[in-house]
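J.: Could you look at this predicted model? Sequence included:
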Amino acid sequence: MCYFLLKDLALHSELMTMVTNSRRKITPFRPLALTCSDLEQSKVNQAPNHRKPLRKQRALLCSLSQQHHGNQQQVYEPCADMSPFQALNDPGVEIMKVNPCCYYPCQNTGVCVRFGADRYECDCTRTGYYGDNCTPSSATVHFILTHFQWFWDIVNSSFLRDTFMRLVLTVRSELIPSPPTYNSKYAYLNWESYYNISYYTRLLPPVPEDCPLPMGTKGKPDLPDPKLLAERFFKRKKFRPDPQGTNLMFAFMAQHFTHQFFKTNQEVQGGFTKALGHGLIHGEMYPPTVSEVPVHMVYPEHFTPEKRLVTGHELFGLLPGLTMYATIWLREHNRVCDILKTEHPTWDDEQLFQTTRLIIIGEIINIIIQEYVQHLSGYLLNLKFDPTLLFNVRFQYSNRIALEFCHLYHWHPLMPDSFLIDGDEISYSQFIYNTSLFMHYGVEKLVDAFSQQPAGQIGGGRNSHAVVLKVPEMVIRESRATRVRPFNEYRKKFNLKPYTSFNEFTDDIEMARGLEELYGDIDALELYPGILLEKTRPNSLFGESMVEMGAPFSLKGLLGNPICSPEYWKPSTFGGETGFNIIKTSTLKKLVCLNTKWCPYVDFHVPQKEDTKPRKSSTEL
């Protein structure tokens, strides 16, 4: 008896041609198992006038073959007088395909149904699971992560926390390709897509230019007017606070953090930036003005240089909340720099600056993961910033911002109708570009006010203030100019079940009818309207798609930073254990309270009753 195992791809291609000519069947890309004794027997028994094969031999994997023969050990020897090609060409043998259900592909009690010779489908009806093989749906995973407090209390206090955190990081980050694939200029893989960093990368290629309709083959020949979409589906009728308890401190952190991620079209002279000076006002550190440091900052023309504050991003003068964060980080940078100078008196200013910069980056990542993302997710699993969790898994320490990530992160529904600071109600006209307001109240009162004022709910639509309605218009126009694929295509990409109707997509009947009237088909709905208008999860900031698409981009970007790599993540990179511990122990509260005269209420969540207690001075931290 002899045994042939054919699984080489090149060999498979040649065999397919031979078998097609002789009307035989082979399971595509599956190993074939033939026994020579059967082949030889069929040759002996076949008379010249026989037109039908006398023997049929199933093509089974070796493991199945052994089970068929029981526990007896089978010895497979090579055929002396027949090659695999001769065996497959022999008219006395018909090679059958393996039933794919033999591999038991359906999980979680899903029922495997065979279609044709080599296809199958898993019936996941009423299993609570979804996907090709009835694996847990994103909704199920989210439910588990946000319920069963007793279970997560056990996990968070044991080694299991690291196991679950590693799983969260790997599952999420693997959805983002690395190295980058497409960009807005090319719809196919090429060297430019990788090397030319002047473009955003893209998760999916653009809609082909020669498609019959704007979104492919479905929908209407003309897409709706972006201004009409903004007025009908984005404009706020009545402020709807986030039921999750998100506040303006979170909203401004989101803007401050992402503006740095998405900064584009900036003309930088030379390869390095120089540290800027700062000024002391009433004994407190504030950013310098344009009159002191000749740096370009975006302000209205009537603003004099003395009123234009210089921060790390040219747009941070737009809102006092952004200026507040820029000032806090400026103070933290100088605080850490003073600590390093004490520990390393021989270091020059440049080494102090560069090492402090790495520590500040580490603090930002730590606060974003352990507090910002923790609040955003609503998980009962305590998220953890520990780069060593990924040291023994496949992970690339690089990141490029994707166009789709830039689009989905326009969270302007967070903004309220007005701003409440120290008992004063301030309108948008008084708030925008008002540096005197920032100086008047100071960092402490702004932090306290923003931490206590609720932010708006992002998902569900109709919650954007009229002042910011130009934002969805701008994003939709840019999306069309770059031919971003439909919303449902991105749901498929992130392993989410595509919506089959607008009524399934939103609980708002009027909105469903309006969207169907304008788009004609749910498969023609654009990405940004899809993400912002989707029905929200129960008591959540936004819907399923925003979380399941945004989280992989965020975590890949954060953990892809070089300081998280094995080469960087060690005490010496950060000036020793002192600098290393500054990163590991950083919190939002410490960031604020170590850099202010008194410690206000500071959190990403509006205060509970127990939070309204006397404030501690920063020296008590």
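T.: Yes, it's here. Numbering: from 1, shown residues only.
J.: M215: neighbouring residues, count only.
T.: Counted with other Cβ atoms under 10 Å, residues neighbouring M215 total 25. Backbone N, C-alpha and C define where each C-beta goes, glycine included.
J.: Chain neighbours aside, what residue packs nearest to it?
T.: Distances taken as Cβ to Cβ, 6 or more residues apart in numbering place A524 nearest to M215, at 4.2 Å, with adjacent residues excluded.
J.: wait, what's in contact with the one you found?
T.: The contact partners of A524, taken as Cβ atoms under 8 Å, 6 or more residues apart in numbering, are 213-216, 218-220, 486.
J.: Next: K570.
T.: Here K570 is in contact with F580 (Cβ under 8 Å, 6+ apart).
J.: With N595 instead?
T.: Contacts of N595 were listed using Cβ under 8 Å, 6+ apart, and they are 328, 331-332, 335, 443, 618.
J.: so L389 touches L169, yeah?
T.: Yes. L389 is within contact range of L169, at 6.4 Å (criterion: Cβ atoms under 8 Å).
J.: Between the two, tell me which one has more neighbours.
T.: L169 (24 against 20).
J.: what helix or strand does that one sit in?
T.: L169 is part of helix 160-173, with elements assigned from DSSP states H and E.
J.: buried stuff in that helix?
T.: 161, 164-166, 168-170, 172-173 (16 or more other Cβ atoms under 10 Å).
J.: swap in stretch 229-239?
T.: 229-230, 232-236, 239.
J.: nearest to G110, of those residues?
T.: Closest approach between the buried residues of stretch 229-239 and G110, by Cβ to Cβ: F233, at 36.9 Å.
J.: any chance of the buried residues of stretch 229-239 in CSV, plus secondary structure and distance to R126?
T.: Supplementary listing: the buried residues of stretch 229-239 in CSV, determined by DSSP: H, G, I helix; E, B strand; the rest coil; distance: Cβ to Cβ, whole Å:
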residue, secondary structure, distance to R126
L229, helix, 37
A230, helix, 40
R232, helix, 37
F233, helix, 34
F234, helix, 37
K235, strand, 40
R236, coil, 39
F239, coil, 40
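J.: what's the closest of those to V393?
T.: Looking across these and measuring by Cβ to Cβ, the closest to V393 is F234, at 40.4 Å.
J.: State the distance from that closest one to A466.
T.: Going from F234 to A466 by Cβ to Cβ, to the nearest Å gives 10 Å.
J.: just to revisit the earlier point, looking at the buried residues of helix 160-173, spot the one nearest V475.
T.: R172 (23.7 Å).
J.: need the contact list for the closest one.
T.: If you count contacts by Cβ under 8 Å, 6+ apart, then R172 has 551-552, 555-556 around it.
J.: rerun at 7 Å
T.: Neighbouring residues of R172 by Cβ atoms under 7 Å, 6 or more residues apart in numbering: 551-552, 555.
J.: Compare the residues you listed and tell me which is most surrounded.
T.: In these, the most neighbours by other Cβ under 10 Å go to L555, 22 neighbours.
J.: How about it, nearest residue that isn't a chain neighbour?
T.: Of all residues not flanking L555 in the chain, R172 sits nearest, at 4.8 Å (Cβ to Cβ, 6+ apart).
J.: how far away is the one you found from M439?
T.: R172 is 41 Å from M439, by Cβ to Cβ.
J.: same deal with E231?
T.: 37 Å.
J.: mind listing the helices for the stretch 401-550 of the chain?
T.: Assigned by DSSP state H, counting those that start in this stretch, the stretch 401-550 of the chain shows helices spanning 403-408, 428-431, 435-452, 470-481, 487-493, 502-505, 509-519, 527-533, 544-559.
J.: so which of the ones you listed gets nearest L380?
T.: Of all those, it is helix 544-559 that lies closest to L380, at 15.1 Å by Cβ to Cβ.
J.: what's the closest one in contact with?
T.: Under the contact criterion Cβ under 7 Å, 6+ apart, helix 544-559 has outside partners 138-139, 169, 172-173, 175-176, 261, 365, 368-369, 373, 387, 390, 399, 402, 405, 408, 459, 490-491, 494, 496, 530-531, 534, 537.
J.: Would you mind putting the CA coordinates of it into PDB?
T.: The C-alpha coordinates for helix 544-559 follow below in PDB (Å, rounded to 0.1, in the frame of the first residue of the first chain):
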ATOM      1  CA  GLU A 544     -21.800  49.900  17.400                       C
ATOM      2  CA  SER A 545     -19.800  51.000  14.300                       C
ATOM      3  CA  MET A 546     -18.000  53.900  15.900                       C
ATOM      4  CA  VAL A 547     -16.600  51.700  18.700                       C
ATOM      5  CA  GLU A 548     -15.800  48.700  16.500                       C
ATOM      6  CA  MET A 549     -14.100  50.800  13.800                       C
ATOM      7  CA  GLY A 550     -12.500  53.500  16.000                       C
ATOM      8  CA  ALA A 551     -11.000  51.200  18.700                       C
ATOM      9  CA  PRO A 552      -8.700  49.300  16.300                       C
ATOM     10  CA  PHE A 553      -7.400  52.600  14.800                       C
ATOM     11  CA  SER A 554      -6.800  54.100  18.200                       C
ATOM     12  CA  LEU A 555      -5.100  51.200  19.900                       C
ATOM     13  CA  LYS A 556      -2.900  50.500  16.900                       C
ATOM     14  CA  GLY A 557      -1.800  54.100  16.800                       C
ATOM     15  CA  LEU A 558      -1.100  54.200  20.500                       C
ATOM     16  CA  LEU A 559       0.700  50.900  20.900                       C
END
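J.: tell me the average confidence for that helix?
T.: For helix 544-559, the mean pLDDT works out to 88.
J.: Kindly report the same for stretch 503-518.
T.: Here the average pLDDT along stretch 503-518 is 96.
J.: got it, and stretch 442-460?
T.: The model assigns stretch 442-460 a mean pLDDT of 94.
J.: same thing with stretch 134-141?
T.: The model assigns stretch 134-141 a mean pLDDT of 71.
J.: D507: neighbour count?
T.: 12.
J.: Over to the one 5 residues further on?
T.: Burial of A512 is recorded as 19 neighbouring residues (other Cβ under 10 Å).
J.: For I522, see how far away it is.
T.: Using Cβ to Cβ, we find A512 at a distance of 9 Å from I522.
J.: need the strands for this structure, in chain order.
T.: For the chain, the strands defined by DSSP state E cover 3-6, 32-35, 57-58, 95-96, 111-115, 119-123, 129-130, 135-136, 182-183, 201-202, 279-281, 284-286, 419-421, 424-426.
J.: ok now the last one, how far from the chain's centre?
T.: Distance of strand 424-426 from the chain centroid (Cα atoms, centre = their mean, to the nearest Å) equals 36 Å.
J.: S398 contacts S178, doesn't it?
T.: Yes. The pair S398 / S178 is scored as a contact, 6.3 Å apart, by Cβ atoms under 7 Å.
J.: Who has more neighbours out of those two?
T.: Counted by other Cβ under 10 Å, S398 and S178 do not tie: S178 has more neighbours, with 17 against 13.
J.: Who are the contact partners of the more buried one?
T.: Here S178 is in contact with 396, 398 (Cβ under 7 Å, 6+ apart).
J.: can you tell me how far it sits from L408?
T.: The gap separating S178 from L408 is 19 Å, by Cβ to Cβ.
J.: One more: K384?
T.: 25 Å.
J.: quick one, which of those two is more surrounded?
T.: Using other Cβ under 10 Å as the criterion, K384 and L408 rank with L408 on top: 22 against 18.
J.: So what's the predicted local confidence for the more buried one?
T.: At L408, pLDDT is 90.
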